[in-house]
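Visitor: Whatever this is, show me its structure:
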Amino acid sequence: MSNESPQPQEIVIVTGASTGMGAATAREMARRGFHVLAGVRRDSDGKALRAAGIEPVILDITNPEHIAALVARIDGDPHNRAVRVLINNAGLPCAGPVEVVPLDEWRRVFDVNVFGTVALTQALLPALVRGKGRVVNISSMNGKVSMAGYGVYASSKHAVEALSDALRSELAPYGVQVVIVEPGGVKTEMARVGLAGLSDLTARMTPEQKERYGALTQAIPSHVAAFTKAGATSDTAARTIAKAATARRPRTRYTIGAVTAFLIRASSLLPDRVFDRMTMSDLRKHYPKTVRYGRTTTGHHA
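Guide: Alright, predicted model coming up:
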């Protein structure tokens, strides 16, 4: 496989392609000469993609009927094109302390980020094995680095890292490569979506929970905004993903963003408690100004 001269009769599937990094990746892969099947949630999401020569397909990766329809589309391809790459980009963000995020929300995040990814990969592996294709799983910096307020999302992305490592070894004998991409802050709508329920979550906390986590939940939106502002654009991220998808000899992991690479490296080198202090120090920069050396006016221990 070469990123200089992709074969024109090869199929690439990109999930979560309605907007942001997924849409940019679909456009980048189409520009490189692949026939892209771009998973979108609504017909209206596919209009701009269709104008770029991309074939949108309705795909909720938690819906077995949608997955079956995609498999049928590939198996019945009129040009009998090989499936070259599956890019598992669809994901669901979530923010909030481990204690207070309801179990139903935990299940919803894992249903998309883990089980939906597994379900689609399982369904497309026969075609990928036939074509000696590639699986590119979009993980996250949080797949390696977890910190206060991001435990739910990070847990799901840790799972993506683990399943990708296992899959890489299982498929290597059959010529199918598995690559992980770990974005950090990327300028997309995903961060805003992940924060949408945070105010409701805060409102539902008990007085005791507000004492523990009040300052933290107030800090998360500002922390996310600062990290996103300093992050890569969707187009920059898409070029890294395309490299992971097309390089003749890809690395097993690619990071997106200098801060991401630094934090992942630091987490592996520093003692856990030292790294905890470093990440909490960064978070505390975004705490309410009422924080007073270990306690806020709401009683939160900093």
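Visitor: And the helices in this protein?
Guide: Counting by DSSP state H, the chain has helices at residues 20-31, 47-51, 64-75, 103-110, 117-130, 151-171, 190-195, 198-204, 207-229, 234-246, 258-269, 272-284.
Visitor: ok, and which of those has the densest surroundings?
Guide: Among these, ranked by average contacts under mean count of other Cβ atoms under 10 Å, first place goes to helix 20-31 (a mean of 25). All C-beta atoms are positioned from the backbone trio N, CA, C, and that covers glycine.
Visitor: and that one, how far out from the chain's middle?
Guide: Centroid separation for helix 20-31 versus its chain: 15 Å, with Cα atoms, centre = their mean, to the nearest Å.
Visitor: Output it as PDB, nothing but the C-alphas.
Guide: Only the C-alpha atoms of helix 20-31 are listed here, as PDB (Å, rounded to 0.1, in the frame of the first residue of the first chain):
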ATOM      1  CA  GLY A  20     -15.300  17.600  11.900                       C
ATOM      2  CA  MET A  21     -12.400  15.200  11.800                       C
ATOM      3  CA  GLY A  22     -14.400  12.400  10.200                       C
ATOM      4  CA  ALA A  23     -15.700  14.600   7.400                       C
ATOM      5  CA  ALA A  24     -12.200  16.000   6.800                       C
ATOM      6  CA  THR A  25     -10.800  12.500   6.700                       C
ATOM      7  CA  ALA A  26     -13.400  11.400   4.200                       C
ATOM      8  CA  ARG A  27     -12.400  14.300   2.000                       C
ATOM      9  CA  GLU A  28      -8.700  13.600   2.300                       C
ATOM     10  CA  MET A  29      -9.100   9.900   1.500                       C
ATOM     11  CA  ALA A  30     -11.200  10.800  -1.600                       C
ATOM     12  CA  ARG A  31      -8.600  13.300  -2.700                       C
END
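Visitor: Summarise which helices and strands it is packed against.
Guide: Using 3 or more Cβ pairs under 8 Å, 6 or more residues apart in numbering; DSSP states H and E, the elements in contact with helix 20-31 are strand 10-14, strand 35-40, helix 47-51, strand 82-88, helix 234-246.
Visitor: Of the helices of the chain, which is nearest P97?
Guide: For the helices of the chain, proximity to P97 was assessed by Cβ to Cβ; helix 207-229 is nearest, at 4.6 Å.
Visitor: worst average pLDDT in the helices and strands packed on helix 20-31?
Guide: Mean pLDDT is lowest for helix 47-51 out of the helices and strands packed on helix 20-31, coming in at a mean of 91.
Visitor: Contacts for it, please.
Guide: A17, A23, A26, R27, A38, V40, P56 (Cβ atoms under 8 Å, 6 or more residues apart in numbering).
Visitor: repeat that for 10 Å
Guide: Under the contact criterion Cβ atoms under 10 Å, 6 or more residues apart in numbering, helix 47-51 has outside partners 14, 17-19, 22-23, 26-27, 30, 36, 38, 40, 43, 54-56.
Visitor: Turn the helices and strands packed on helix 20-31 into a markdown table, including distance to A154.
Guide: As requested, the helices and strands packed on helix 20-31 are arranged in a markdown table below (distance: least, Cβ to Cβ, whole Å):
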| stretch | distance to A154 |
| --- | --- |
| strand 10-14 | 24 |
| strand 35-40 | 24 |
| helix 47-51 | 30 |
| strand 82-88 | 17 |
| helix 234-246 | 19 |
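Visitor: Ok, which of those comes nearest R273?
Guide: Per Cβ to Cβ, nearest to R273 of those: helix 234-246, 31.9 Å.
Visitor: how close does E170 get to V135?
Guide: Here the distance between E170 and V135 works out to 11 Å (Cβ to Cβ, to the nearest Å).
Visitor: Mind listing the shared neighbours of these two?
Guide: Residues touching both E170 and V135 by Cβ under 10 Å, 6+ apart: L125, V176, V178.
Visitor: Could you list which residues are in contact with the first one?
Guide: L125 makes contact with V83, L86, G133, V135, L167, E170, L171, Y174, V176 under the criterion Cβ under 10 Å, 6+ apart.
Visitor: Indicate which one of the helices and strands packed on helix 20-31 is closest to R73.
Guide: strand 35-40 (7.1 Å).
Visitor: can I get the contacts of L125 in a markdown table with distance to Q218?
Guide: Listed next are the contacts of L125 as a markdown table, based on distance: Cβ to Cβ, whole Å:
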| residue | distance to Q218 |
| --- | --- |
| V83 | 46 |
| L86 | 39 |
| G133 | 46 |
| V135 | 39 |
| L167 | 39 |
| E170 | 44 |
| L171 | 45 |
| Y174 | 50 |
| V176 | 46 |
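Visitor: from those residues, which two are the most distant?
Guide: Most distant of the contacts of L125, by Cβ to Cβ, are V83 and E170, 17.6 Å apart.
Visitor: who are the neighbours in contact with the nearest residue to A90 once chain neighbours are set aside?
Guide: Excluding its sequence neighbours, the residue lying closest to A90 (Cβ to Cβ, 6 or more residues apart in numbering) is G16, at 3.2 Å. By Cβ under 10 Å, 6+ apart, G16 lies in contact with 22-23, 25-26, 38-41, 59, 61, 87-92, 112, 116, 138, 190.
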